[in-house]
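Student: give me coordinates for this.
(chains A, B, C and D)
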Number of protein chains: 4
Amino acid sequence: MDIKGAWISHICDLDKNALARLNKRYPSLVTTTEYKEILRSPKIDAVVIATPVRTHFSLAREALLEGKHVLVEKPLAASVREAEQLIKIAQKAQLCLMVDHTFVYSEPVKALRKLMSELGELRYFDSVRVNLGLFQKDINVIWDLAPHDLSILLYLIDQDPEEVSAIGIGHINPDIENTAYLVLKFKNRFIAHFHFNWLSPVKIRQTLVAGSKKMLVYDDLNALEQVKIYDYGVAQHKNKSAPLVDYRTGDIYSPHVEKTEALYNVCNDFVHSIIKDSKPVSDGTFGLRVVRILEAAQYSIKHGGVFVRPENGS
Amino acid sequence: MDIKGAWISHICDLDKNALARLNKRYPSLVTTTEYKEILRSPKIDAVVIATPVRTHFSLAREALLEGKHVLVEKPLAASVREAEQLIKIAQKAQLCLMVDHTFVYSEPVKALRKLMSELGELRYFDSVRVNLGLFQKDINVIWDLAPHDLSILLYLIDQDPEEVSAIGIGHINPDIENTAYLVLKFKNRFIAHFHFNWLSPVKIRQTLVAGSKKMLVYDDLNALEQVKIYDYGVAQHKNKSAPLVDYRTGDIYSPHVEKTEALYNVCNDFVHSIIKDSKPVSDGTFGLRVVRILEAAQYSIKHGGVFVRPENGS
Amino acid sequence: MDIKGAWISHICDLDKNALARLNKRYPSLVTTTEYKEILRSPKIDAVVIATPVRTHFSLAREALLEGKHVLVEKPLAASVREAEQLIKIAQKAQLCLMVDHTFVYSEPVKALRKLMSELGELRYFDSVRVNLGLFQKDINVIWDLAPHDLSILLYLIDQDPEEVSAIGIGHINPDIENTAYLVLKFKNRFIAHFHFNWLSPVKIRQTLVAGSKKMLVYDDLNALEQVKIYDYGVAQHKNKSAPLVDYRTGDIYSPHVEKTEALYNVCNDFVHSIIKDSKPVSDGTFGLRVVRILEAAQYSIKHGGVFVRPENGS
Amino acid sequence: MDIKGAWISHICDLDKNALARLNKRYPSLVTTTEYKEILRSPKIDAVVIATPVRTHFSLAREALLEGKHVLVEKPLAASVREAEQLIKIAQKAQLCLMVDHTFVYSEPVKALRKLMSELGELRYFDSVRVNLGLFQKDINVIWDLAPHDLSILLYLIDQDPEEVSAIGIGHINPDIENTAYLVLKFKNRFIAHFHFNWLSPVKIRQTLVAGSKKMLVYDDLNALEQVKIYDYGVAQHKNKSAPLVDYRTGDIYSPHVEKTEALYNVCNDFVHSIIKDSKPVSDGTFGLRVVRILEAAQYSIKHGGVFVRPENGS
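Tutor: A predicted model of the protein is given here:
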């Protein structure tokens, strides 16, 4: 992947074999097991942090304090408090802090966003992301998969949920839920529901979004028609006698979706934001909105599915 | 549909036009708008009640008291108390009380039941039954659709849930939820989750059942392969070092499913149970188990999704 | 099915058990094993002939000569000569002669026809109609299934093929081909190809139609999106250097298709044509166009797949 | 891709920009625009030729004469005569000559081969490989796509066709067919049919194989169930009265398919064959069998679809 204006010069990994393989393929890369080497190199402007979630905060913080722009794997951090601190540090140092919410940069999701204005009043968002594995050691299925669908949802609408509830079961390790359901309640009877599962025989990545005027289906596994908009509507009958509701079933339309790779768009936005001193789509504040919901979900899942108000920031 | 040992002689409907159309096609049928005519006819042994849920109790009760065997549309009644009373009346009068939980009699569900013993320890049951319409006037989407999936679940396993939670939204009529999610918690970390929706652009009728040894997928809309069993497993690694879990992905197998119509099996079981004085699969007690969950779900959905213990009977 | 202006009064079948079952259900119908009874009844205006192909000619001829309007099962007759004679007899007697090419009356095919003008210059029509069974005793898979797809094709375009070729194999009975491929060549490099098969494990009913500007897919088994139009194009690059062709891949659009049953439309067109003295869509001449291709295909399949010019009529 | 016992040392391409990009990524590779440099390097044991079909013969011949083992892109050569010469040269020089018929090395096709013995007597093989593009400049859609399906077929069965027929149309360039149908006739009424198309709105890669006892479906685009075997049968009724045939529809079974990449298997077989002095699965003789059919198809397509006997070699 060639991004104009930037290139990869150093790579750090604790696994020496991985570094050796990289070295063989890309001999011009400098490899190291000491991340501090990278953070202290004056030739380096920006770092990408792809490490376990629990390490995001300390690594990103240190990088920002060393004056590096930071692109961190999703989710931004392991808590709202951590995320807020990173945002503050980046603001103060006038550095770019960005989260790799890849789906927000994917062409199908960009196509969905263009269609949102046709939906009318939002009714529900229902998302299923299930497959077999990959079990994580230190985070449950919500921290692993929900950042994808939460970032998609937050990117599509400009609201944050009023209440969050989550339930889940850890079948293999009771402390690490592998099957979970997440519910978000928004204003005006809009509801979002998610099914996350590492233990499904089939792979499903399907999202339904219903509005009062039209409905969307986003099926990430449908090669040709990932995005479809249905000119379907259900409304209360004006004449309140006889049948309760009016149904309208019209055409179905699947817009052409560009083929640009999401990861290319991610890197491009990062580099472009640094060069132009502008905000990336998935900046620290966006990442914080996701972490707020994750934190609330985590509390709920450990407290029997109780509805929780996400923390509204300091 | 010809069932040995029984035939339809009378039909009652409040809609005279409907009766006229029936009369034209089946002139030998006696039609009436007075159900009492049927209940009092000494030539009639059994009645089928297909009316709004709120009328099931009084009609079934009256029919039983008149000495008729009763097959009632699902769900059996509008409350646990009603259902229990009907069971008592039927027992006392030694009459057959049966509920038309059609799916329990469908060939795919019968095929699923045969495969259950291969699953190992049950982990989750996830069911989606969504489509556009048909909005009901007097009951919400749970009372309308859940009897199908709850009867399937109860037929497949021999357990009742310990706790029930439901949330839902009425977008058209705030009092009648059209989009709802239902959760059942069982012993041993087995969980069941259901998505019911009258407001989905696409029709989905898919159920996943995961066990420790194998997994099932039941897709009612897959013409040729409604039932599939996956020889897939995920288990904790015995050697507790390194990777958390072992994955096993083996063959997929779709057993041949008979083509007999479910409704034929329903009628056959009803008539056979009357003649042989035996219990139908979907008898009053089975119907009561479904109503217990519905009642708990109804309480939960009106109380913010709180987990409720289904009433354990008198 | 209630068609305004007509009703069924008599039914003839050689199978007395079938008649008995009908009598039980519809006691007002007159049933007989003697078709001449029907043809000679002065109260009867029109007859529907649903019998083996080899009997179409003599039965339809006799009915027309008795002054009855005739709706005959597809194909119209077993040869071009027979079909032409029936048309002449009907014309002379000023009677309606119609063929039940049901698909021409189906809503998806009507929707396809509306889209044809957007395709640009026609390139190919590729149709697959395969499933397991139902083996016929006296006709091969082409005479059995091709009338469907040929009538669809002829209804969509206003051309007849210049050359016809067919190959096939009879695996069960060498004289009766159960697997066959049919090719039609038209003017201007437009080609149609068909795969017919009684011996396929899966059921496929899919047709691709490509034009220079857009392309269609008709999938009769896709419940929600039977008809799709693709805004896709491939054209020779104007600048003849470098790449040979330009690709354009735009949106995909699936128009809403009405739910009216095709058979209802068939009966309606038949009755309407009789009452209004107008021509049905699938009149004798339309049926003859299909038979011409069938006859040429039959010759070709028995002569090693040689290309044959369909007989151009008397 | 790391293959034990071999590594890539030189790359030749006429496009200097392509070489520059490669050099940047893999600086240890020697790049050149002079293929003779590679052929004459004494340190090089084997070459891979991935060039236009028309150049395969001269490049492979020269490489063999220089003592290099050769892996050539499919098809082996542009004519039977060329293919036969290459085989002779390789035999004489005791060098490995292999064709990259990748599908023969793919795990789904290997799984299919294991199932072939269950099919009983072979009836038909029907293959569809269609999508939009990629138009070739110098070869038609048969030379481009048929090597895939022909190699699969020849790998699955141990027979060569007795007769070959092909028809096709060049809609963009009349000389280069973009839509084509190919038929192979084998002994014992076994028939193979192929649909190749660069001009299809949808991508289809599906093969049906029917035997007297069981049937196979190979769908390369079905992520989870690429290979399915149907326990379906159709046979002549022994009691020759009444119904013509017996149908049997049993279970459907989808064996687990390994995930190893086909290209890895290809390279592995090439290197292993060189080291062990053994024959690769897709050796020159196998490649020649494919070219024989291609040459016959090319003759047929230019002569109106006439059936042609493939040349049986010198």
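Student: beta partners of the nearest residue to A:Asp45 once chain neighbours are set aside?
Tutor: Nearest residue to A:Asp45 in three dimensions, chain neighbours excluded: A:His69, at 6.2 Å (Cβ to Cβ, 6 or more residues apart in numbering or on different chains). C-beta coordinates here come from the backbone N, C-alpha and C atoms, glycine included. A:His69 forms beta bridges with A:Ala46, as assigned by DSSP bridges.
Student: A:His69 reaches A:Ile49, doesn't it?
Tutor: No. With contacts counted by Cβ atoms under 8 Å, A:His69 stays clear of A:Ile49, the gap being 11.2 Å.
Student: for chain A, which residues are neighbours of chain D?
Tutor: A:Arg25, A:Tyr26, A:Pro27, A:Ser28, A:Val202, A:Lys203, A:Leu221, A:Ala223, A:Leu224 (Cβ under 8 Å from any Cβ of the partner chain).
Student: of these, keep whichever come out buried.
Tutor: With burial judged by 16 or more other Cβ atoms under 10 Å in any protein chain shown, the buried subset of the residues of chain A next to chain D is A:Val202.
Student: going by distance to chain B, which of the residues of chain A next to chain D wins?
Tutor: When the residues of chain A next to chain D are ranked by distance to chain B (Cβ to the nearest Cβ), A:Val202 comes first, at 5.9 Å.
Student: what secondary structure does the closest one sit in?
Tutor: Following DSSP: H, G, I helix; E, B strand; the rest coil, we place A:Val202 in the strand state.
Student: equivalent analysis for A:Thr55, please.
Tutor: Classified using three-state DSSP, A:Thr55 is helix.
Student: pLDDT wise, what is A:Pro243 at?
Tutor: Note for A:Pro243: predicted pLDDT of 57.
Student: the residue nearest to A:Asp45: what's it in contact with?
Tutor: By Cβ atoms under 8 Å, 6 or more residues apart in numbering or on different chains, A:His69 lies in contact with A:Asp45, A:Ala46, A:Val47, A:Leu95, A:Cys96, A:Leu97, A:Met98, A:Phe270, A:Ile274.
Student: tell me which element the last one is part of?
Tutor: Using DSSP states H and E, A:Ile274 falls within helix A:262-276.
Student: what of A:Gly305?
Tutor: Here A:Gly305 is assigned to no helix or strand, by DSSP H and E.
Student: how about the residues of the stretch 151-300 of chain A by chain C?
Tutor: For the stretch 151-300 of chain A, the contact set with chain C under Cβ under 8 Å from any Cβ comprises A:Leu224, A:Glu225, A:Asp231, A:Thr249, A:Gly250, A:Asp251, A:Ile252, A:Tyr253, A:Ser254, A:Pro255, A:His256.
Student: thought the last one was touching C:Tyr247?
Tutor: No. In this structure, A:His256 is not within contact of C:Tyr247 by Cβ under 8 Å, at 11.9 Å.
Student: ok, those two, which is more surrounded?
Tutor: Between A:His256 and C:Tyr247, counted using other Cβ atoms under 10 Å in any protein chain shown, A:His256 has the larger neighbour count: 17 against 13.
Student: and the pLDDT at that one?
Tutor: So, for A:His256, pLDDT stands at 95.
Student: mind checking the SS state of it?
Tutor: Relying on three-state DSSP, one would call A:His256 coil.
Student: related to what we said a few turns ago, mind listing which of the residues of the stretch 151-300 of chain A next to chain C are in strands?
Tutor: Secondary structure from DSSP state E places A:Asp231, A:Thr249, A:Gly250, A:Asp251, A:Ile252, A:Tyr253, A:Ser254 of these in strands.
Student: how about the second one, nearest residue that isn't a chain neighbour?
Tutor: Take A:Thr249 and drop its neighbours on the chain: the residue closest to it by Cβ to Cβ, 6+ apart is A:Tyr232, 5.2 Å away.
Student: run through the residues that contact the one you found.
Tutor: A:Lys214, A:Met215, A:Tyr247, A:Arg248, A:Thr249, A:Gly250, B:Leu132, B:Pro201.
Student: show me the domain layout of chain A.
Tutor: Using automatic domain parsing, the domain ranges for chain A come out as A:10-103+A:262-283, A:105-260+A:294-301.
Student: okay, A:Phe307 and A:Arg61: tell me how far apart.
Tutor: Using Cβ to Cβ, to the nearest Å, we find A:Phe307 at a distance of 32 Å from A:Arg61.
Student: quick one, what contacts the residue nearest to A:Thr55 when sequence neighbours are not counted?
Tutor: Using Cβ to Cβ, 6+ apart and skipping residues adjacent in sequence, the residue nearest A:Thr55 is A:Ile49, 8.0 Å away. A:Ile49 makes contact with A:Thr55, A:His56, A:Leu59, A:Ala60, A:Ala63, A:Val70, A:Leu71, A:Val72, A:Glu73, according to Cβ under 8 Å, 6+ apart.
Student: by neighbour count, which of the residues you listed wins?
Tutor: A:Ala60 (29 neighbours).
Student: that's a helix at that residue, yeah?
Tutor: Yes. Membership of A:Ala60 in a helix is supported by three-state DSSP.
Student: now, the residues of chain A next to chain D that are in helices?
Tutor: Counting by DSSP state H, the residues of chain A next to chain D place A:Arg25 in helices.
Student: would you mind giving the residues of chain A next to chain D as JSON lines with distance to chain B and pLDDT added?
Tutor: Shown next, in JSON lines, are the residues of chain A next to chain D (distance: Cβ to the nearest Cβ, whole Å; pLDDT from 0 to 100):
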{"residue": "A:Arg25", "distance to chain B": "25", "pLDDT": "76"}
{"residue": "A:Tyr26", "distance to chain B": "28", "pLDDT": "80"}
{"residue": "A:Pro27", "distance to chain B": "30", "pLDDT": "78"}
{"residue": "A:Ser28", "distance to chain B": "33", "pLDDT": "81"}
{"residue": "A:Val202", "distance to chain B": "6", "pLDDT": "95"}
{"residue": "A:Lys203", "distance to chain B": "11", "pLDDT": "96"}
{"residue": "A:Leu221", "distance to chain B": "14", "pLDDT": "94"}
{"residue": "A:Ala223", "distance to chain B": "17", "pLDDT": "86"}
{"residue": "A:Leu224", "distance to chain B": "16", "pLDDT": "87"}
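Student: ok, now which ones touch the residue nearest to A:Tyr105 when sequence neighbours are not counted?
Tutor: Of all residues not flanking A:Tyr105 in the chain, A:Asn265 sits nearest, at 3.8 Å (Cβ to Cβ, 6+ apart). By Cβ under 8 Å, 6+ apart, A:Asn265 lies in contact with A:Tyr105, A:Ser106, A:Glu107.
Student: can you tell me which residues contact the last one?
Tutor: Read it as A:Glu107. Counted by Cβ under 8 Å, 6+ apart, A:Glu107 has contacts A:Val257, A:Glu258, A:Lys259, A:Thr260, A:Ala262, A:Asn265.
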